[in-house]
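> Fold the following for me, if possible:
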Amino acid sequence: MREFKASSLLETGAREQNVAPGDTECSRAPDQKAGPGIWDALAGDPTFHFDRHALALLVEDQAGWSHHWVRPPARVMSRVAVALITLVKRLLPFQFSNHRLLDRLGIWFLSRFVSEAGGELLLRHFVIETNVLAFIARNSGLEEPALRPEALDDLEDNAVIVHDINLYEVLAELGNRPLPRPEERVVPLDYSMLAVEPIDTEGKRRWMRLDLETGMCFMNIAFCLLTTAPEYRRAVHSLQLDESILGCLAEMTGDDMFNTWKPAGYIPIVRTNRDVPRDLFAHAVIHEYIHARLLRQSANSGSQPRPGGVASRFAESPCRGIGLEVEAPADTLCPCPATARI
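So this is what the prediction gives:
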């Protein structure tokens, strides 16, 4: 994982505007004062819930030429190609998929054509979302997901599909039972699973350095082609479940800030025909907000995340899944630590 200097955001913003860092005037407009840009404002905003290393990665990723020149036509091409593939698959009397090829193609593409910053942002999202789901699961007495890739090669074994299934499983296993509110808990909330290990996307010679959103436009085509129609729909529909995750976190922590980040729309209105790369990017940003907010709560509670803080460090919960040995209604989810999903 690369380190970023504190001045990197300002320097990147200056490069985007063709202005040297520290200049007092913009050469293109002598009467326009050069000052902090949008990224510097966000980096300095104490209410902006976003990890500053991830923000530096995002700035670097979006400053590339591909974000400005390749992304717009790639978005159109991706939607057209996916629509055609979906139509053909609906007309065929059979379904086909090749998950092994999908894994290999995805790793190869990310290693050769997507920037190091973009690759790290993608792997970071896998880790961040797993941490968020693990927080809900452990503090509700459920089994935890454990998908935390630290390198691009870790995306083998259907990692992308498992990533989506983990979300569905955690929400389904909540069983429509009331979530334990902070005042109802007999043990404090556990934040120890929120640590993010260093991520390595270096080491392979890249033939091109596309930004992540542009790369996802191309990867979305391969994903649609190499999965069955139900698998693709399930992956796309998972993007609509951010509202459920935010609602669960607001209930569990008593923090209504989570509800303010709910995306526009209604969960029961299921849509498959959508701008998947853009929506996926927004989905990743929402999870960065969530993770940063949980880390702030962790710091305030004194429960610090620690590397390797998965549920295998904890004993089996005595009230796992039943809620009978705690001072809570019998139909309330267990507020004790649980074990990890292997």
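
> helices and strands of this protein: which one bottoms out on pLDDT?
strand 25-26 (a mean of 36; mean pLDDT, DSSP states H and E).

> In contact with the closest residue to residue 70 other than its chain neighbours, which residues?
Spatial nearest neighbour of residue 70, excluding adjacent residues (Cβ to Cβ, 6 or more residues apart in numbering): residue 214 at 5.0 Å. Using the backbone N, CA and C atoms, a C-beta is placed for each residue, glycine as well. By Cβ atoms under 8 Å, 6 or more residues apart in numbering, the contact list for residue 214 reads 66, 67, 70, 71, 74.

> First-to-last residue distance for stretch 173-190?
One end of stretch 173-190 to the other measures 19 Å (Cα to Cα, to the nearest Å).

> thinking again about what came up before, can you redo the contacts of residue 214 as a markdown table with pLDDT and neighbour count?
Shown next, in a markdown table, are these (pLDDT from 0 to 100; neighbours: other Cβ atoms under 10 Å):
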| residue | pLDDT | neighbour count |
| --- | --- | --- |
| 66 | 96 | 22 |
| 67 | 95 | 19 |
| 70 | 97 | 19 |
| 71 | 96 | 21 |
| 74 | 97 | 21 |
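
> farthest-separated two in these?
67 and 74 (10.2 Å; Cβ to Cβ).

> With distance to residue 176 and secondary structure as extra columns, can I get the contacts of residue 214 in TSV?
Formatted as TSV, the contacts of residue 214 follow (distance: Cβ to Cβ, whole Å; DSSP: H, G, I helix; E, B strand; the rest coil):
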residue	distance to residue 176	secondary structure
66	44	helix
67	42	helix
70	45	coil
71	40	helix
74	41	helix
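
> And for residue 198, the neighbour number?
Residue 198 has 10 neighbours, counted by other Cβ atoms under 10 Å.

> Could you tell me how far residue 91 is located from residue 84?
Here residue 91 is placed at a distance of 11 Å from residue 84 (Cβ to Cβ, to the nearest Å).

> who has more neighbours, these two?
The residue with more neighbours, out of residue 91 and residue 84, is residue 84; 12 against 7, by other Cβ under 10 Å.

> Which positions within stretch 94-112 qualify as buried?
Residues of stretch 94-112 classed as buried: 97, 99, 102, 103, 105, 106, 107, 109, 110, 111 (neighbour count, 16 or more other Cβ atoms under 10 Å).

> Determine how far that stretch lies from the middle of the whole chain.
20 Å (Cα atoms, centre = their mean, to the nearest Å).

> So what touches it?
By Cβ under 8 Å, 6+ apart, the list of residues contacting stretch 94-112 reads 89, 118-119, 122, 152-153, 155-161, 201, 204-208, 215, 218-219, 222-223, 226-231.

> thinking again about what came up before, state the distance from the residue nearest to residue 70 to residue 224.
Residue 214 sits 17 Å away from residue 224, going by Cβ to Cβ.

> Repeat that for residue 255.
37 Å.

> So which of the two has more stuff around it?
The neighbour comparison of residue 255 against residue 224 (other Cβ under 10 Å) goes to residue 224, with 22 against 15.

> ok, the more buried one touching residue 235?
No - using Cβ atoms under 8 Å, residue 224 is not in contact with residue 235; the gap is 9.1 Å.

> any common contacting residues for those two?
By Cβ under 8 Å, 6+ apart, no residue touches both residue 224 and residue 235.

> Doesn't residue 292 lie inside a strand?
No - assessed with DSSP: H, G, I helix; E, B strand; the rest coil, residue 292 is helix; it does not lie in a strand.

> How are the helices of the protein distributed by residue range?
Using DSSP state H, the helices of the chain run over 8-16, 38-44, 52-62, 65-69, 71-91, 99-113, 116-138, 159-173, 212-226, 229-237, 242-253, 276-301.

> Among those, show me which one is buried the most.
Neighbour counts (mean count of other Cβ atoms under 10 Å) averaged over each of these peak at helix 116-138, with a mean of 25.

> That one - contacts with which helices or strands?
The elements that helix 116-138 packs onto, with contact taken as 3 or more Cβ pairs under 8 Å, 6 or more residues apart in numbering; DSSP states H and E, are helix 52-62, helix 99-113, helix 159-173, helix 212-226, helix 242-253, helix 276-301.
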